[in-house]
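**Student:** I need the structure of the sequence given here:
(one chain, ligands or ions: 1)
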Amino acid sequence: MARKGLFITLEGVDGCGKSTQADLLVQELEAGGREIVRLRDPGGTRLSEKIRLVVLDPGNDEMCDECELLLYEAARAQLVREVILPTLERGATVVCDRFYDSTYAYQACARGLSPQMVDAANELGSCGVRPDVTIVFDLSPQEALRRATVERTDRLEGEGTGFQERVREGYLQLSAREPERVRKIDAAGSVEIVRARMLAALRDFLK
Ligand code: TMP
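**Tutor:** Sure thing, here's the model as predicted:
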């Protein structure tokens, strides 16, 4: 079936504020009368949420990088087939907190897996589904850490600011590679200021 809905993804280093902005974006889109399905990757289906628990559990510290990559892709494939594709086919809008750009930034740029291998894994895990537009909330990891209100506990968040610097660099590479789709905005400043920047970056999709 043809895909009719709009697929928006939100990306950034841990603590960049994208989940707060996702709430605001959903409100804005709903006020415009659209049907919105908000999701997170990894997650969003029964199986994908189970995989999320495994991949983020700090107790699984023996996990090798290839295992980590494949778990993210497995969770994503289930999310795409079970929820994202049917939603887009019926013409609703999907707002997804992270998608395959996270895998490029975290598993290729930060972990150091081969970018070509990660691109191929992303093709499989996404079942070939590409976001129409992606907002990258660009923030220094130091600033993200200053903002954190709760103690960080998951496996990836525990990797430290050097790791998050490489993640940030990965997103900058992606926005240079695909500037039309991957739109970087400055995520420093108040919630209201960042919201305005996000809506401006999405202007051509919000008409
Ligand atoms: P979240 O807390 O923003 O939902 O993301 C979960 C963590 O998983 C976050 O630290 C980023 C990481 N992650 C990857 O390393 N690779 C991926 O492909 C995805 C989707 C997330």
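
**Student:** By residue count, which helix of this structure is the longest?
**Tutor:** If each helix of the chain is counted by residues according to DSSP state H, the longest one is helix 161-177.

**Student:** Buried residues, it. List them.
**Tutor:** Using 16 or more other CB atoms under 10 Å as the burial criterion, the residues of helix 161-177 that qualify are 163, 164, 165, 166, 167, 168, 170, 171, 173, 174, 175. (Each C-beta comes from the backbone N, C-alpha and C, glycine too.)

**Student:** Kindly report the same for stretch 115-131.
**Tutor:** For stretch 115-131, the neighbour count (16+ other CB under 10 Å) marks 118, 121, 122, 125, 126, 129, 131 as buried.

**Student:** pLDDT and secondary structure added to the residues you listed, as CSV?
**Tutor:** Listed next are those as CSV, based on pLDDT from 0 to 100; DSSP: H, G, I helix; E, B strand; the rest coil:
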residue, pLDDT, secondary structure
118, 98, helix
121, 98, helix
122, 98, helix
125, 98, helix
126, 98, coil
129, 98, coil
131, 98, coil
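
**Student:** Within the helices and strands, which one has residue 59?
**Tutor:** Residue 59 is part of no helix or strand, with elements assigned from DSSP states H and E.

**Student:** where does it land on pLDDT?
**Tutor:** Per-residue pLDDT puts residue 59 at 95.

**Student:** what does the longest helix of the chain contact?
**Tutor:** 11-14, 101, 104-106, 108-110, 134, 136, 138-142, 144-145, 182-184 (CB atoms under 8 Å, 6 or more residues apart in numbering).

**Student:** which residues of the protein fall in strands?
**Tutor:** For the chain, the strands defined by DSSP state E cover 7-12, 36-40, 93-97, 133-138, 182-186.

**Student:** and the lowest-mean-pLDDT helix or strand in the chain, what does it pack onto?
**Tutor:** Using mean pLDDT, DSSP states H and E, helix 141-147 stands out as the lowest-scoring helix or strand of the chain, at a mean of 88. Here helix 141-147 touches helix 161-177, going by 3 or more CB pairs under 8 Å, 6 or more residues apart in numbering; DSSP states H and E.
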